[in-house]
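S.K.: kindly generate the corresponding structure for this input.
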Amino acid sequence: MKKSTLLIPCAGRSTRYPGTRPKWMLTVPDGQLMIERAAQSLPRESIERVVIGTLTEFEELYGVRDILSRTCLADAEVVLLDQMTSGPAETVRLMIEKAGVTGPVALKDSDSFFSLEAPLEGSYSAVLDLRKNPQVTSVGAKSFAVLNEQGLVSDIVEKSVVSNLICVGLYGFSDTSVFTRVYDDLRQRFNGGEFFISHVISAAINAGEVFRPAMSVGFQDVGTLDDWRRYTQDYSTYVLDLDGVVFVNHSKYFRPLWEEDDKPITENVETLRKLQARGAQLIFMTARPEKYRAKTEKSLRDLGLNPHGLLMGCLHGRRFLVNDYAPSNPHPSAVAINLERNSNKLSGLIG
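M.R.: Next comes the predicted model:
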């Protein structure tokens, strides 16, 4: 399979992310930048070269090249644009010209994450079947791929529900010349008008280029700040007491004792397993001394709970959680829950 050049246009002002730095610079819950996660939607072995297009003002404000040097995109080339473009299609056209890109290209939005079911070849549009993914929101704002009887893409329609397949923000062209030729023709015919990458694809199809659908799985859309907050919510960190919350209360002096078998509060354990399965991180804290660590860790793992951390020997008193907040992680960014000892009602409070 011939490798492609991956182009990621990042020259917009992220107006749907008010009060934040450019959205592609935001940090996803596992510590990567949004743009890193977006780039990983493509198999690395299919990519020969990565080019990122952004504004000169972002380089001056944030030091884009320095930031990227600390990511998995450290070897990416950065194309700086002095002015805002009319949209991603124009940005891509300028990136191709300024970086001297030739051969196959893949165009990737910075605000969607997914995996592909099969390797990519030729010209394609990555799509998702809404019938199998009812969790997708804001459907009317998506672009839709229409397939013909041969299963090939016959058109892409913006913001009109014309099929069960939405485009997820990845498009491939068998050769750079296909994109540039069609784009330049559209620009000449619609001088001054705004058009999208989907319009370039539609025109390329009409000119005889064959586009195939590339099925995706695990789609995450973070196109708006609300989408981002919904996405990050599943990856919350929960700091939990052990005795009286996860286990029936054990103590040093009164039975059941710390050294005796831990008795789980079944309903609470099930709630935590569900949160963990959705991406939550569990940190446990307890007054139990360090000598009970191995026993306590085994009890948790036997219940299917994987502690990110286990703090032993905590004071037997009030506990405070302090966290910062910002537009991308809004107030309240820390939540305190008080649960009656040995209550099995945890799901009603955090589930």
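S.K.: only C-alpha atoms from now on, for both contacts and neighbour counts.
M.R.: Will do.
S.K.: can you pull out the strands in this structure?
M.R.: 4-10, 47-55, 77-81, 105-108, 112-116, 123-129, 143-147, 153-158, 165-173, 211-221, 237-241, 281-285, 309-311 (DSSP state E).
S.K.: ok, residue 228 - contacts?
M.R.: With contacts defined as Cα atoms under 8 Å, 6 or more residues apart in numbering, residue 228 is in contact with 221, 222, 328.
S.K.: run the last query once more with 10 Å
M.R.: 17, 23, 26, 28, 111, 220, 221, 222, 328, 329 (Cα atoms under 10 Å, 6 or more residues apart in numbering).
S.K.: on that earlier part again, between the strands of the chain, which gets nearest to residue 250?
M.R.: Between residue 250 and these, the shortest separation by Cα to Cα is 11.7 Å, and it involves strand 237-241.
S.K.: pull up the pairing partners for the closest one, direction included.
M.R.: Paired neighbours of strand 237-241 in the sheet (DSSP bridges): strand 281-285 (parallel).
S.K.: which residues touch the strand it pairs with?
M.R.: 29, 234-243, 246, 272-273, 275-276, 297, 300, 305-315.
S.K.: near residue 106, how many other residues are there?
M.R.: Close neighbours of residue 106, defined as other Cα atoms under 10 Å, add up to 26.
S.K.: is it true that it touches residue 197?
M.R.: No - using Cα atoms under 10 Å, residue 106 is not in contact with residue 197; the gap is 11.7 Å.
S.K.: which ones are touching the residue lying closest to residue 162 once chain neighbours are set aside?
M.R.: What sits nearest to residue 162 in space, not counting adjacent residues and going by Cα to Cα, 6 or more residues apart in numbering, is residue 144, at 6.5 Å. The contact partners of residue 144, by Cα under 10 Å, 6+ apart, come to 127-128, 155-168, 198.
S.K.: same deal with residue 38?
M.R.: 8, 24, 108, 109, 110, 111, 112, 113, 114, 169, 170, 220.
S.K.: cool, residue 339 as well?
M.R.: Applying Cα under 10 Å, 6+ apart, the residues contacting residue 339 are 241, 244, 245, 345, 346, 349.
S.K.: pLDDT at the residue nearest the centre of the chain, what is it?
M.R.: In the chain, the centroid-proximal residue (Cα atoms, centre = their mean) is residue 113; its distance is 4.6 Å. Predicted confidence (pLDDT) at residue 113: the value is 96.
S.K.: what's across from it in the sheet?
M.R.: Going by DSSP bridges, residue 113 forms beta bridges with residue 220.
S.K.: pretty sure it contacts residue 34?
M.R.: Yes - the criterion here is Cα under 10 Å, and residue 113 meets it with residue 34 at 8.8 Å.
S.K.: and the longest helix for the chain?
M.R.: helix 176-189 (DSSP state H).
S.K.: against which helices or strands is that one packed?
M.R.: Contacts defined by 3 or more Cα pairs under 10 Å, 6 or more residues apart in numbering; DSSP states H and E place helix 176-189 against helix 88-99, strand 105-108, helix 197-206.
S.K.: name the helices or strands packed onto the second one?
M.R.: Other elements packing on strand 105-108 under the criterion 3+ Cα pairs under 10 Å, 6+ apart are strand 4-10, helix 34-39, strand 47-55, helix 88-99, strand 123-129, strand 165-173, helix 176-189.
S.K.: make a markdown table out of the ones you listed and add distance to residue 216 and mean pLDDT.
M.R.: Formatted as a markdown table, the helices and strands packed on strand 105-108 follow (distance: least, Cα to Cα, whole Å; pLDDT from 0 to 100):
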| stretch | distance to residue 216 | mean pLDDT |
| --- | --- | --- |
| strand 4-10 | 17 | 97 |
| helix 34-39 | 13 | 97 |
| strand 47-55 | 18 | 97 |
| helix 88-99 | 22 | 96 |
| strand 123-129 | 5 | 97 |
| strand 165-173 | 8 | 97 |
| helix 176-189 | 23 | 94 |
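S.K.: who wins for proximity to residue 293 among these?
M.R.: For residue 293, the closest of these is helix 34-39, at 35.1 Å, according to Cα to Cα.
S.K.: next one: the closest one to chain centre, how far?
M.R.: 7 Å (Cα atoms, centre = their mean, to the nearest Å).
S.K.: surely residue 258 and residue 296 touch.
M.R.: Yes - contact between residue 258 and residue 296 holds when scored by Cα under 10 Å: they sit 9.0 Å apart.
S.K.: low-confidence ranges in the protein?
M.R.: Along the chain, the model assigns pLDDT under 70 to residues 192-193, 351.
S.K.: domains for the chain, by residue range?
M.R.: If you go by automatic domain parsing, the domain ranges for the chain are 4-228, 234-350.
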